[in-house]
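Q: Here is my input, please return the structure:
(2 chains)
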Amino acid sequence: DQQVKQNSPSLSVQEGRISILNCDYTNSMFDYFLWYKKYPAEGPTFLISISSIKDKNEDGRFTVFLNKSAKHLSLHIVPSQPGDSAVYFCAASPQGAQKLVFGQGTRLTINP
Amino acid sequence: KAGVTQTPRYLIKTRGQQVTLSCSPISGHRSVSWYQQTPGQGLQFLFEYFSETQRNKGNFPGRFSGRQFSNSRSEMNVSTLELGDSALYLCATASGAGVEEQFFGPGTRLTVL
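A: Residues are numbered from 1 along each chain as shown, chains lettered A, B, ... in the order given. Okay, the predicted model is just below:
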């Protein structure tokens, strides 16, 4: 039972354009959402998070949008840079629990 | 501030053996979580410890166990290893004050032959 889904295994974007990564979840008890970036042979690196009481959070080039009614969140990267090429995971945390449920990841490739 | 450290980084074992992995959290972090990453299942939560107590547990068999020491360092143990236990084992730490981002270590790559 995949509670957090990233339906696109890969995404290719031209340098300078916007990258949009999507994530859907099924569990209404999730109230905190995070995006992580992962390079091969390294642990995931935290990028940005959003609480369920908000619908948008920005940090530099990264913006996360949360649509609770659709149980959908997205990560926007503007402008995309070659160093952004990595696997991106969305994760969700149930209410009050220090426990992350991860999606399967989306491999983002930024082309020069 | 030093990051999360995990030892060893690589490990090769044979079926039936047991293994112990170690995680040292970021200074001041009292919550330590363990995750298993495999190509087929992705990143899956194993368990979380806070102040030497297991607070949360994932859906893994009893062969997977862990503990946390008074200095917040944590170990996880896998007994009677199976081929399917081959994976990257990741440790993540947080202050534990509430729901917050977790910071991951580089992982231990376990290969079971």
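Q: Just list the residues touching the closest residue to B:Gln6 other than its chain neighbours, thanks.
A: The shortest distance from B:Gln6 to any non-neighbouring residue, by C-beta to C-beta, 6 or more residues apart in numbering or on different chains, is to B:Gly105 (4.1 Å). In this view, the C-beta of every residue, glycine as well, is placed from N, C-alpha and C. With contact taken as C-beta atoms under 8 Å, 6 or more residues apart in numbering or on different chains, B:Gly105 is in contact with A:Gly43, B:Gly3, B:Val4, B:Thr5, B:Gln6, B:Cys23, B:Leu90, B:Cys91, B:Ala92, B:Thr93.
Q: Please verify my assumption that the first one contacts B:Val4.
A: Yes: under the criterion of C-beta atoms under 8 Å, A:Gly43 is in contact with B:Val4, at a separation of 7.3 Å.
Q: burial count for the nearest residue to A:Gln104 once chain neighbours are set aside?
A: Using C-beta to C-beta, 6+ apart and skipping residues adjacent in sequence, the residue nearest A:Gln104 is B:Gly42, 4.7 Å away. When neighbours are counted by other C-beta atoms under 10 Å in any protein chain shown, B:Gly42 registers 18.
Q: For B:Gly42, give the beta-bridge partners.
A: In this entry, B:Gly42 is beta-bridged to B:Thr38, by DSSP bridges.
Q: What parts of chain B come near chain A?
A: Residues of chain B found near chain A, taking C-beta under 8 Å from any C-beta of the partner chain as the criterion, are B:4, B:31, B:33, B:35, B:42-45, B:48, B:50, B:55-56, B:58, B:90, B:92, B:94, B:96, B:99-107.
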